[in-house]
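# fold the following and give me the result.
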Amino acid sequence: MSESSKIEERKDKLKSWLKNKENIFLLLLISFAIIYRLYYFLKLGQQPIWWDEGDYLAVSKVWATGMSTPEWWGHFTGMRPLLLPLVWTLFFKLGLGELGVRFFTLLLPSILAIYFVYAVGREIYDKRIGLIAAFMLSVYWTFTFYTYRLLTDIPATLFGLISIYFFYKGYIKENKQSGLYLCFLFGILAFSTRFPLALILMTCMIFLLFIKKLSLFKEKSFWKGVLVFLLIASPFIVYVALNKFYFIWFYFINGLGGLIATGQPFGFYIFGLSISLLEVTWAIAFFLGSLTFYKLFVGFDIFWKQEDKSINSDFFIALWIILQFIFYVFVFRSANDRWIIMLTIPMFFVASKGISYIYDIAKKYSAIISAVILIAFLAIGAYQHIQHASLLIEQKKESYREIQLAGEWLKENSPEDAKIITASIVQNQYYSERDSYDFYTNDSIWKSCIDFYGNLNTNESCQQETEKAFIENKLNRINPNYMIVSIFEPVFTPQWAYSYPERHNMTAVQAYFDNKNQPLLVIYKF
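Below you'll find the model as predicted:
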């Protein structure tokens with residue numbers, strides 16, 4: 001075939017593709033998502049990082065620059081997966097810097113995740129539901145806000161969605177072995193980025209058990225898939241084994257911060273939290289969509305016998321939601337907005353079903369009324385989410401700016417072998433590229449005086465004894481050059497630290513103040 005013939009063939013395919021109105025809507029949606037995200041990307045640039053961001057970035061910077069392993073390394077290993085820090089290390093080594101990290105590992109995955117929500121919705125239900133759910137994610141305030149935070153949530157969400165896509169399209173619908181392999185591959189990438197994403201592969205496997213039952217274990221293709229899973233997951237398995245499977249203790253046994261050990265009640269509030277995150281309009285759509293699941297409950301025996309496979313779609317979405325709730329309500333017992341992104345996404349599918357259901361009913365009587373209902377649900381909901389995201393981004397874009405400025409000042413004004421005492425150890429390590437140490441020591445007095453969260457008991461004995469241990473077993477050991485005292489990270493700052501510089505005649509070399517001339521952060525020199 002000549003080059004001109006190939007060009008004409010491609011043109012014909014494009015024209016044919018554009019004749020489908022759903023494809024045009026998809027093109028418009030992705031275009032909107034790109035423009036919407038680029039607007040904030042260009043506006044925010046390199047906004048100051050928070051503690052969790054610094055945790056990943058500091059490790060990446062240490063590896064990329066060849067700095068010695070920091071004292072605080074022990075709190076990172078085991079609790080956090082290594083995939084993203086490894087990727088970011090490569091970026092730093094290639095000289096792409098923080099903006100490159102933000103663009104390639106946050107902005108692009110955020111846009112791709114919107115497409116894969118459409119693709120998953122299309123395969124599980126239909127194109128209309130896929131488009132509505134993808135539109136919801138494109139303006140979802142939580143997803144938008146964390147697109148600009150250097151955390152694991154956005155790339156992990158993308159990997160999780162791709163895993164589900166290959167599982168449902170490739171393995172369930174098309175019965176392709178490659179679908180299971182790719183499901184495992186991206187599922188492993190998902191929980192190697194963020195541990196709780198293991199729930200995605202659990203959802204897929206439990207779904208298989210329900211539809212294939214014990215015959216699943218007689219299939220050679222399944223066991224081949226398990227072998228592929230073990231081979232791909234072997235680096236991850238070695239990592240967690242070397243760290244004594246700490247993440248299992250942290251996430252599945254003791255819960256966040258020792259929640260179970262300290263009597264933390266079950267997190268029933270997460271039901272309300274997940275609904276509130278949808279905002280009012282789409283929460284209503286979710287409840288309407290929930291009503292369409294009646295077939296799953298009244299006809300569960302039909303589903304169980306697989307006499308009507310049309311119910312499989314609802315069961316998969318319901319299972320996806322239920323497993324997320326079980327984990328965050330009964331196991332982890334805690335959640336915030338970004339932790340449950342992979343819970344709100346299937347809730348968007350349910351909400352999309354509700355909108356689609358109302359649209360179909362209204363269309364029987366009037367095409368105009370049905371169109372108005374559809375547009376109203378989408379437009380009002382989008383307005384609520386865009387407004388929420390905009391307000392939150394503006395409120396938080398300058399938070400922790402003083403930590404960034406202090407770190408950058410130290411990088412410019414201190415020797416490369418300088419050692420710094422600060423509560424903001426990871427952010428300072430990242431910005432200053434200097435060894436950073438906290439106020440804690442390994443003495444028994446510290447262990448007996450702090451709770452699981454790191455709060456130091458305020459009684460006089462604990463305050464005096466921990467300061468003494470700090471002087472004798474940290475200052476004398478590491479011989480630091482600077483101390484940073486700030487209003488940030490109050491949990492990790494002992495009360496005695498605020499008065500320590502004055503009581504020991506330390507010299508202030510740099511300070512940052514609020515608009516009322518009150519000090520926010522002061523750098524002292526030993």
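
# find the helix or strand that residue 266 is a member of.
Taking DSSP states H and E as the definition, one finds residue 266 inside no helix or strand.

# list the residues that contact it.
Counting by Cβ atoms under 8 Å, 6 or more residues apart in numbering, residue 266 touches 329-330, 333. Every C-beta, even on glycine, is put in place using the N, C-alpha and C of the backbone.

# among those residues, which one has the most neighbours?
Counting neighbours by other Cβ atoms under 10 Å, the top entry in these is residue 333, with 20 neighbours.

# how would you label that one: helix, strand or coil?
Classification of residue 333 by DSSP: H, G, I helix; E, B strand; the rest coil places it in coil.

# separation between it and residue 361?
Relative to residue 361, residue 333 is positioned 40 Å away (Cβ to Cβ, to the nearest Å).

# same question for residue 276.
Applying Cβ to Cβ to residue 276 and residue 361 gives a distance of 27 Å.

# what do you get for residue 176?
37 Å.

# per-residue confidence at residue 399?
pLDDT for residue 399: 94.

# next up, the contacts around the closest residue to it other than its chain neighbours.
Nearest non-adjacent residue to residue 399, counting by Cβ to Cβ, 6 or more residues apart in numbering: residue 48, 6.5 Å away. For residue 48, the contact set (Cβ under 8 Å, 6+ apart) comprises 398-401, 403-404.

# measure residue 67 to residue 83 for me?
21 Å.

# which one of these two has more residues nearby?
residue 83 (22 against 15).

# check contacts around the residue nearest to that one when sequence neighbours are not counted.
Leaving aside its sequence neighbours, residue 83 sits nearest to residue 192 (Cβ to Cβ, 6+ apart; 4.2 Å). Residues near residue 192 by Cβ under 8 Å, 6+ apart: 81-83, 236.

# in what helix or strand does residue 192 lie?
helix 177-193.

# about what we covered before: assumed the residue nearest to residue 399 was part of a helix.
No: going by three-state DSSP, the assignment for residue 48 is coil, not a helix.

# what are the phi and psi values for it?
The phi and psi torsions at residue 48 (degrees, to the nearest 10) take the values phi -60, psi 150.

# how many residues are close by the closest residue to residue 27 other than its chain neighbours?
Nearest residue to residue 27 in three dimensions, chain neighbours excluded: residue 18, at 7.9 Å (Cβ to Cβ, 6+ apart). By the measure other Cβ under 10 Å, the count of residues near residue 18 is 11.

# ok, now residue 337?
A total of 19 residues lie near residue 337 under the criterion other Cβ under 10 Å.

# likewise for residue 490?
Residues lying near residue 490 (other Cβ under 10 Å) number 12.

# just residue 227 next, same as before
So residue 227, with other Cβ under 10 Å, has 11 neighbours.

# and residue 505, by the same measure?
Counted with other Cβ under 10 Å, residue 505 comes out at 7.

# on that earlier part again, which one's more surrounded, residue 176 and residue 361?
Taking other Cβ under 10 Å, residue 176 and residue 361 do not tie; residue 176 has more neighbours (15 against 12).

# my guess is the more buried one meets residue 170, correct?
Yes: using Cβ atoms under 8 Å, residue 176 is in contact with residue 170, at 4.6 Å.

# the stretch 351-500 of the chain: helices as residue ranges?
367-396, 401-413, 425-432, 444-449, 460-470, 476-478, 495-503 (DSSP state H, counting those that start in this stretch).

# got the domain boundaries for this protein?
What automatic domain parsing lists as the domains of the chain is 3-44+77-396, 401-525.

# could I get these as TSV with distance to residue 52?
Converted to TSV, the domains of the chain look like this (distance: least, Cβ to Cβ, whole Å):
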stretch	distance to residue 52
domain 3-44+77-396	6
domain 401-525	9
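
# which of the contacts of residue 48 tops the neighbour count?
residue 403 (28 neighbours).

# residues contacting it?
Neighbours of residue 403 in contact, by Cβ under 8 Å, 6+ apart: 48, 424, 427-428, 431, 486, 488, 521.

# count of neighbours near residue 213?
11.

# state the distance from it to residue 206.
In terms of Cβ to Cβ, residue 213 sits 12 Å off from residue 206.

# so how far is residue 186 from residue 192?
10 Å.

# over to residue 29?
Taking Cβ to Cβ, one finds residue 29 at 22 Å from residue 186.

# so these two - more neighbours on which side?
residue 186 (24 against 19).

# hmm, residue 167 and that one touching each other?
No: in terms of Cβ under 8 Å, residue 186 does not count as a neighbour of residue 167; the distance is 9.0 Å.

# residue 379: neighbour count?
Residues near residue 379, counting by other Cβ under 10 Å, number 11.

# low-confidence stretches in the stretch 101-250 of the chain?
The model of the stretch 101-250 of the chain has pLDDT under 70 over residues 244, 247-250.

# same thing but 90
Residue ranges of the stretch 101-250 of the chain with pLDDT under 90: 195, 214, 216, 218-222, 225, 233, 235-250.

# next one: the stretch 401-526 of the chain
Along the stretch 401-526 of the chain, segments meeting pLDDT under 90 span 441-461, 473.

# mind redoing it with 70?
Using pLDDT under 70, the flagged stretches of the stretch 401-526 of the chain are 452-453.

# quick check: next helix or strand after the helix holding residue 192?
helix 198-212.

# quick one: that next one to helix 177-193, angle?
Angle, helix 198-212 to helix 177-193, by axes from the mean of the first three to the mean of the last three Cα atoms, to 10 degrees: 150 degrees.

# so which other helices or strands are in contact with helix 198-212?
Other helices and strands packing on helix 198-212, by 3 or more Cβ pairs under 8 Å, 6 or more residues apart in numbering; DSSP states H and E, are helix 153-165, helix 177-193, helix 312-325.

# distance of the residue nearest the centre of the chain relative to residue 125?
By Cα atoms, centre = their mean, the chain has its centre lying nearest to residue 153, at 1.5 Å. Residue 153 sits 25 Å away from residue 125, going by Cβ to Cβ.

# equivalent analysis for residue 75, please.
Distance from residue 75 to residue 125, by Cβ to Cβ: 43 Å.

# just to check, residue 148 is in contact with residue 394?
No: with contacts counted by Cβ under 8 Å, residue 148 stays clear of residue 394, the gap being 11.9 Å.

# between these two, who's got more neighbours?
Neighbours per residue (other Cβ under 10 Å) separate residue 148 from residue 394, with residue 148 holding more: 24 against 11.
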